[in-house]
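S.K.: Got a predicted model here, sequence first, then my questions.
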Amino acid sequence: MQKINALICIAIGIVLSISCNTIKNGQNLTLNSITTGADQLSEYLPLLKDKRVGMLVNTTSIIGSKSIVDTLHTLGVNIKRVFGPEHGFRANASNGAHVADEIDEKTGIPIVSLYGTKRKPSKTDMDALDIMIFDIQDVGCRFYTYINTLADIMEACAEENKELIILDRPNPNGFVDGPILDMSLKSGIGKFPIPITHGMTIGEFAQMINGEGWLPNNLKCKIRVIALKNYKHSMDYTLPVSPSPNLNTQQSILLYPSLCLFEGTIVSQGRGTYMPFTVLGSPRLKGLYPFSFTPKSIKGMSETPLHQNEECFGLDLRQYDMTAFRKAGKINIQWMIDMYKAYPDKTKFFDKSYSKQMGDIDKLAGTKLFKIQIVEGKSEAEIRQTWEPQLSNYKEMRKKYVLYP
């Protein structure tokens, strides 16, 4: 135990010596008073003593600026399995790409993919473990798949009676907005009856999953949340690491709740460029917008993007001030309204048959009404009115599970 305590002191010293960096996009470094769950080694390292440990992590799972797996491995924690979500443990897979099992070159630890042939650990995987750790940075959106991965790992732990330690991280889009998912549209980009931005951290969302009975067969997962320190949902939070290949700037993360809806349209969101989710455009909008970009095949980001090698015309939102929307707690649906009005062939705007790369707008929005409302020319106020009273009911339910003001 003395060795463990000594290692904790050493590790904490390392953590405290490293300031929080901004995302790798050329911005200036910023300091942040928030302490993540992962940074609080003294709270969870003793729980791992003499345990066979599994970890569901990716490149956002850091202590200071170093991978939590590398840190705990160096400290002698017995990590038996690392489970990799979409994009893989080291984030070397493209959006939606099949990810295979492998052995991690750096540590020699087996990496089990949960974005390949299976979505949750098998009984064999769980039998090799005594305890599980979940540490992944979420961005607070229903269609961002890591909350689905959280539910899958909770289900596996509940089935095998294993405790799940959740190392909490801030939600950069910590507000609540959007239509509640119609569960008849349940899919891989929407599994829970929640709005587009759910306003929860991963730790809070795990409590909601348990409390609302969203695991199958009335299962409940034994969870222990290592809560954030000095955090409020209203805080601006700049992520220290890109959470996925196509959310590579802080601006893209803040725009994502609004722009991901365009994946259900013929309009490109910049996949196939180094500025994804900060631009919008289509070849058919030439002459209507002065800004243009051309999607290309980029390995590890988007190999076959929509409108590949075609010049797209539209909006450059890289410098768009998101402050007002964040303070108001709103996504921007006016861009969708305006672009539909501007698009010359409206029959193709939402029609997936014109592009295999387009998503399902109904599943993305979580309702069949949204597309109809855009086509009918409804105003933003009229569209928002139809999100009630379900949205207000969700906000009330959410209060039972929040850990932070």
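M.R.: Sure thing, it's come through.

S.K.: Give me the domain ranges for this protein.
M.R.: By the assignment in automatic domain parsing, the chain contains the domains 19-226, 250-386.

S.K.: In CSV: those, plus distance to Val402 and mean pLDDT.
M.R.: C-betas here are computed from N, CA, C, even on glycine. Listed next are the domains of the chain as CSV, based on distance: least, C-beta to C-beta, whole Å; pLDDT from 0 to 100:
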stretch, distance to Val402, mean pLDDT
domain 19-226, 6, 89
domain 250-386, 14, 96
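
S.K.: out of those domains, nearest to Tyr237?
M.R.: domain 19-226 (4.2 Å; C-beta to C-beta).

S.K.: Show me the strands in the stretch 151-300 of the chain, by range?
M.R.: In the stretch 151-300 of the chain, the strands defined using DSSP state E, counting those that start in this stretch lie at 163-167, 176-177, 197-198, 223-226, 279-282, 291-293.

S.K.: tell me the most buried of the ones you listed?
M.R.: With neighbours taken as mean count of other C-beta atoms under 10 Å, these reach their highest mean count in strand 279-282, at a mean of 26.

S.K.: how far does that strand sit from the chain's center?
M.R.: Centroid separation for strand 279-282 versus its chain: 22 Å, with C-alpha atoms, centre = their mean, to the nearest Å.

S.K.: So which elements touch it?
M.R.: strand 291-293, strand 312-316 (3 or more C-beta pairs under 8 Å, 6 or more residues apart in numbering; DSSP states H and E).

S.K.: Dump these to a markdown table, plus distance to Gly37.
M.R.: Shown next, in a markdown table, are these (distance: least, C-beta to C-beta, whole Å):
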| stretch | distance to Gly37 |
| --- | --- |
| strand 291-293 | 38 |
| strand 312-316 | 36 |
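
S.K.: Reformat the strands of the stretch 151-300 of the chain into JSON lines and put distance to Thr149 next to each item.
M.R.: What follows is the strands of the stretch 151-300 of the chain, written out as JSON lines (distance: least, C-beta to C-beta, whole Å):
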{"stretch": "strand 163-167", "distance to Thr149": "12"}
{"stretch": "strand 176-177", "distance to Thr149": "21"}
{"stretch": "strand 197-198", "distance to Thr149": "15"}
{"stretch": "strand 223-226", "distance to Thr149": "15"}
{"stretch": "strand 279-282", "distance to Thr149": "28"}
{"stretch": "strand 291-293", "distance to Thr149": "31"}
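
S.K.: To Thr238, which of these lies closest?
M.R.: It is, among those and with distance given as C-beta to C-beta, strand 197-198, at 17.7 Å.

S.K.: Residues touching the closest one, excluding its own?
M.R.: With contacts defined as C-beta atoms under 8 Å, 6 or more residues apart in numbering, strand 197-198 is touched by 140-142, 147, 173, 175-178, 205, 257, 331, 398.

S.K.: Using JSON lines, lay out the domains of the chain together with distance to Thr238.
M.R.: Below are the domains of the chain laid out as JSON lines (distance: least, C-beta to C-beta, whole Å):
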{"stretch": "domain 19-226", "distance to Thr238": "5"}
{"stretch": "domain 250-386", "distance to Thr238": "5"}
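
S.K.: List just the one of these that sits closest to Tyr404.
M.R.: Nearest to Tyr404 among the domains of the chain is domain 19-226 (7.1 Å), distances taken as C-beta to C-beta.

S.K.: between the domains of the chain, which one is nearest to Ser242?
M.R.: domain 19-226 (5.5 Å).

S.K.: so how far is the closest one from its chain's centroid?
M.R.: Taking C-alpha atoms, centre = their mean, one finds domain 19-226 lying 10 Å from the centre of the chain it belongs to.

S.K.: Please, where are all the helices along the chain?
M.R.: Along the chain, the stretches classed as helices by DSSP state H are 2-16, 41-44, 68-74, 123-127, 146-159, 202-211, 250-259, 323-328, 334-342, 361-365, 369-375, 380-385, 390-398.

S.K.: Which positions within the last one qualify as buried?
M.R.: Buried residues in helix 390-398, counting neighbours by 16 or more other C-beta atoms under 10 Å, are found at 390-391, 394, 398.

S.K.: Indicate which one of the helices and strands packed on strand 279-282 is closest to Asp104.
M.R.: Among those, strand 291-293 sits nearest to Asp104 (C-beta to C-beta), with 35.8 Å.

S.K.: For Glu155, which residues are in contact?
M.R.: 120, 215-216, 219, 221.

S.K.: out of these, which are buried?
M.R.: Taking 16+ other C-beta under 10 Å as the criterion, what is buried in the contacts of Glu155 is 120, 215, 219, 221.

S.K.: quick one: Ala227 and Ala206 touch, right?
M.R.: No. Applying C-beta atoms under 8 Å as the test, Ala227 and Ala206 come out as separate, 11.6 Å apart.

S.K.: Give me the more crowded residue out of those two.
M.R.: Ranked by neighbour count (other C-beta atoms under 10 Å), Ala227 and Ala206 place Ala206 first, with 25 against 19.

S.K.: Distance-wise, check the more buried one relative to Gly174.
M.R.: According to C-beta to C-beta, to the nearest Å, Ala206 and Gly174 sit 16 Å apart.

S.K.: what's the answer for Asp70, then?
M.R.: Counting by C-beta to C-beta, the gap from Asp70 to Gly174 is 29 Å.

S.K.: Also Lys66?
M.R.: Lys66 is 26 Å from Gly174, by C-beta to C-beta.

S.K.: cool, and Lys229?
M.R.: 16 Å.

S.K.: Which one of the domains of the chain lies nearest to Ser244?
M.R.: domain 19-226 (5.4 Å).

S.K.: quick one on the thing from earlier: most packed of the helices of the chain?
M.R.: Mean neighbour count (mean count of other C-beta under 10 Å) peaks for helix 250-259 among these, with a mean of 25.
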